[in-house]
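Novice: I'll drop the sequence and a predicted model, then ask my questions.
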2 protein chains.
Amino acid sequence: MDAEQAVAVAPMFKALGDPVRLRLMSMIASVPEMCVCDLTPAFDLSGPTISHHLKVLREAGLVDSERRGTWVWYRVRPEAFRQLGALLDLPAPEGA
Amino acid sequence: MDAEQAVAVAPMFKALGDPVRLRLMSMIASVPEMCVCDLTPAFDLSGPTISHHLKVLREAGLVDSERRGTWVWYRVRPEAFRQLGALLDLPAPEGA
DNA sequence: ACCCTGTTTTGACGCCTGTCAAGCTAGACG
DNA sequence: CGTCTAGCTTGACAGGCGTCAAAACAGGGT
């Protein structure tokens, strides 16, 4: 992996490097799409804080959001997941 | 994924969420083990800074280090990689 | 015992992050 | 148009992070 690719991919890992965002990601990935109104009550955090975390996930390219009427829906961007998964398939060292 | 698991795993993603650490990890994972003396010159950073990043990777459980004589050698902890990879195999949403 | 090289620790600095309160915007419904 | 709800943005604050210089530590060689 060269420096350029590292700079491109690191933000995705960084976005997942917070327990709240990891749970948000897991919840969103477990269904085709998820309403913010169902995400927020799962945490002991203010609405703005959840909104902030969702923005981080969005800007990392991990999720997409869409407003439909009153509610906003989030879904995962599967190509981002594939990119991360491919990176973790690094050649396993001997003795693994 | 429950909150407890998220708290346990997030530090691994967080450790990979820096371009320097991602490259370090990639370099270490590409061979059975890697000497710090070969890692440091690959970056335009001071020795202490590289040492700091290696410590973060170590404390996240991603690598192990061992001093042999003059030099210190790093190698990946494959079980950590497997744990991360398993998490990224989340059920893909329809329309992927 | 002493120094020389390789690595880590400590201390300090500025920037980034997670959080909340308060204010703002978008859409639905009278 | 007014107002209600859902969600986002802004501003502020404490704590964390990346970096380096300086100092400390570990081994090997002389």
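Specialist: Cool, got the structure. Values in this document were obtained by computation on a predicted structure and should not be read as measured data.
Novice: so how far is the helix or strand of chain A with the lowest mean pLDDT from its chain's centroid?
Specialist: Between all helices and strands in chain A, the lowest mean by mean pLDDT, DSSP states H and E belongs to helix A:78-88, at a mean of 88. Computed by Cα atoms, centre = their mean, to the nearest Å, the chain-centroid distance of helix A:78-88 equals 12 Å.
Novice: For that helix, which helices and strands make contact with it?
Specialist: helix A:3-16, helix B:78-88 (3 or more Cβ pairs under 8 Å, 6 or more residues apart in numbering or on different chains; DSSP states H and E). Every residue, glycine included, has its C-beta placed from N, CA and C.
Novice: got any ranges where chain A has weak pLDDT?
Specialist: A:90-96 (pLDDT under 70).
Novice: what does it have sitting close to DNA strand D?
Specialist: Residues of chain A lying near DNA strand D by Cβ under 7 Å from any atom of the strand: A:35-37, A:40, A:47-48, A:50-52, A:54-55, A:65, A:70-72.
Novice: So residue A:12 is in contact with residue A:85, correct?
Specialist: No: judged on Cβ atoms under 8 Å, residue A:12 makes no contact with residue A:85 at a distance of 11.1 Å.
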